[in-house]
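Participant: Below: sequence and its predicted model.
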Amino acid sequence: MRRVTLATFAVGALSAAGMASAQTSAVQSFSGGSSVTLFGIADVTYGYGSGSIASKSQLYSGGNTASRLGFRGVEDLGGGMAAGFWLEAGLNIDDGSTGTTNTNNQSNGSVGGFNFNRRATVSLMDFWGEVRAGRDFTAHYRNRTDVDPFSNNGVGTSQPQAGSIGGPTSTRASNIVAYYLPPNLGGFFGEVEYYYGENGSPSPIEDDGNGYSGRVGYANGPFAIALAAGRTKFARTTTNGDIDSANLGVSWDFKVVKVMGGYYRDKVDKVGELTGTGYLVGAIVPIGFDQIKVSWSTYGTDAVSDPTARKWAFGYVYNFSKRTAVYATYARVNNSGGSTAAVNGSITDANRNSSGYDLGMKLSF
């Protein structure tokens, strides 16, 4: 029987930073029969944030990698075709609760209780690629996380992610139908998605929550580059409108250090259009089995005072094994133009600084 390739995200890739490593690890092979896997990550963090108005100490989940519990499986359908499913729920290790999901990609669609909010998909795969349907990352989000040394987790989260004006679909969307290119294209990869807000028709908000997103890139050897863009539709008002997001991510692994960078642009087409622009430069330095992480990022909007936040983050990850690690991260935000960005739940005055740190432990299974 011909070998079937399942292009999807492996658990190992979820704890690694950088576009090239993520893209390589995302290709998982399957040959014959069927399989079901239980997997998860338990990550708990003590976090402290300091601001000019209020400081905060807290125990929270996901300072290094988002905590989760998941099930994934694949079945050989014969002739080179395979079917798969992926169910993944976010967990809060500090209090045992689960996350929220969004049913319609709109601000009124949040739902609590236990749910597979991180991913819930079914797939059909063959030599032509993969068709996937359900809830998943938006394509334009992947570039944000792939070139962030901290993978948009914890106090080190990049400022373009923390300050994004990308709306309800800035990270994930529900009701997605997506197509992924096969993994054997000499390093080229890509995906396209369309998602639905599922409003009734006719209605003034008929298109709200509908959208599309796409990504194309190249990852071969030490070098990787990807471009992504997406749009989510909303009726135009003084507070809302179509949201456009576009970004470019680049990384190069020199073995002794992996460097990465990103450019991000978001626009809300409301009455009084609002645009946000951000940049990120980062690096991961391997120290044996351990890692030093560093990043500088900025994000600002074109509001009257041009509020802008600039952030430095430094981290160290000590790996006891492939599954268990402890880590420490420090970050500092500098505000200007009326920006009030703060870290780890602290509150700061406009144009004042904020700083904080994480101390945490992560176990994968």
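Facilitator: Received the coordinates, thanks.
Participant: For the rest of this, base every contact and every neighbour count on C-alpha atoms.
Facilitator: Will do.
Participant: Give me the longest strand you can find in this protein.
Facilitator: The single longest strand within the chain, with elements called by DSSP state E, is strand 34-50.
Participant: can you give me the mean pLDDT across that strand?
Facilitator: Across strand 34-50, the average pLDDT comes to 97.
Participant: List the buried residues of stretch 256-270.
Facilitator: Buried residues in stretch 256-270, counting neighbours by 16 or more other C-alpha atoms under 10 Å, are found at 257-270.
Participant: Just the ones of the residues you listed in helices?
Facilitator: Judged by DSSP state H, the buried residues of stretch 256-270 include no members of helices.
Participant: Let me have these in JSON lines, extended by distance to Ala139.
Facilitator: Output for the buried residues of stretch 256-270, formatted as JSON lines (distance: C-alpha to C-alpha, whole Å):
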{"residue": "Val257", "distance to Ala139": "27"}
{"residue": "Lys258", "distance to Ala139": "23"}
{"residue": "Val259", "distance to Ala139": "22"}
{"residue": "Met260", "distance to Ala139": "19"}
{"residue": "Gly261", "distance to Ala139": "18"}
{"residue": "Gly262", "distance to Ala139": "15"}
{"residue": "Tyr263", "distance to Ala139": "15"}
{"residue": "Tyr264", "distance to Ala139": "13"}
{"residue": "Arg265", "distance to Ala139": "14"}
{"residue": "Asp266", "distance to Ala139": "14"}
{"residue": "Lys267", "distance to Ala139": "17"}
{"residue": "Val268", "distance to Ala139": "18"}
{"residue": "Asp269", "distance to Ala139": "20"}
{"residue": "Lys270", "distance to Ala139": "23"}
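Participant: Looking at those residues, which one is closest to Thr145?
Facilitator: Gly262 (9.7 Å; C-alpha to C-alpha).
Participant: From Leu59, how far out is the residue lying closest to the closest one once chain neighbours are set aside?
Facilitator: The shortest distance from Gly262 to any non-neighbouring residue, by C-alpha to C-alpha, 6 or more residues apart in numbering, is to Gly249 (4.4 Å). Using C-alpha to C-alpha, to the nearest Å, Gly249 is found at 32 Å from Leu59.
Participant: Which of these two has more residues huddled nearby?
Facilitator: Gly249 (27 against 16; other C-alpha atoms under 10 Å).
Participant: For Asn184, see how far away the more buried one is.
Facilitator: On the measure of C-alpha to C-alpha, Gly249 and Asn184 end up 21 Å apart.
Participant: next one: Gly217
Facilitator: Applying C-alpha to C-alpha to Gly217 and Asn184 gives a distance of 13 Å.
Participant: which intervals of the protein have sub-threshold pLDDT?
Facilitator: Along the chain, the parts satisfying pLDDT under 70 run over 1-32.
Participant: residue nearest the centroid of it?
Facilitator: Residue closest to the mean C-alpha point of the chain, counted by C-alpha atoms, centre = their mean, is Thr145 at 4.7 Å.
Participant: Can you name the residues that contact Ile225?
Facilitator: Under the criterion of C-alpha atoms under 8 Å, 6 or more residues apart in numbering, the neighbours of Ile225 are 19, 217-219, 248-251.
Participant: what helix or strand does it sit in?
Facilitator: strand 223-232 (DSSP states H and E).
Participant: For that strand, C-alpha coordinates in CSV please.
Facilitator: Presented in CSV, the C-alpha positions along strand 223-232 are these (Å, rounded to 0.1, in the frame of the first residue of the first chain):
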residue,chain,number,x,y,z
PHE,A,223,15.9,29.3,6.1
ALA,A,224,12.2,29.9,6.2
ILE,A,225,9.9,32.7,5.1
ALA,A,226,6.1,33.0,4.9
LEU,A,227,3.5,35.6,4.0
ALA,A,228,-0.1,35.6,5.3
ALA,A,229,-3.2,37.7,5.1
GLY,A,230,-6.8,37.5,6.1
ARG,A,231,-10.1,39.4,6.3
THR,A,232,-13.0,39.0,8.7
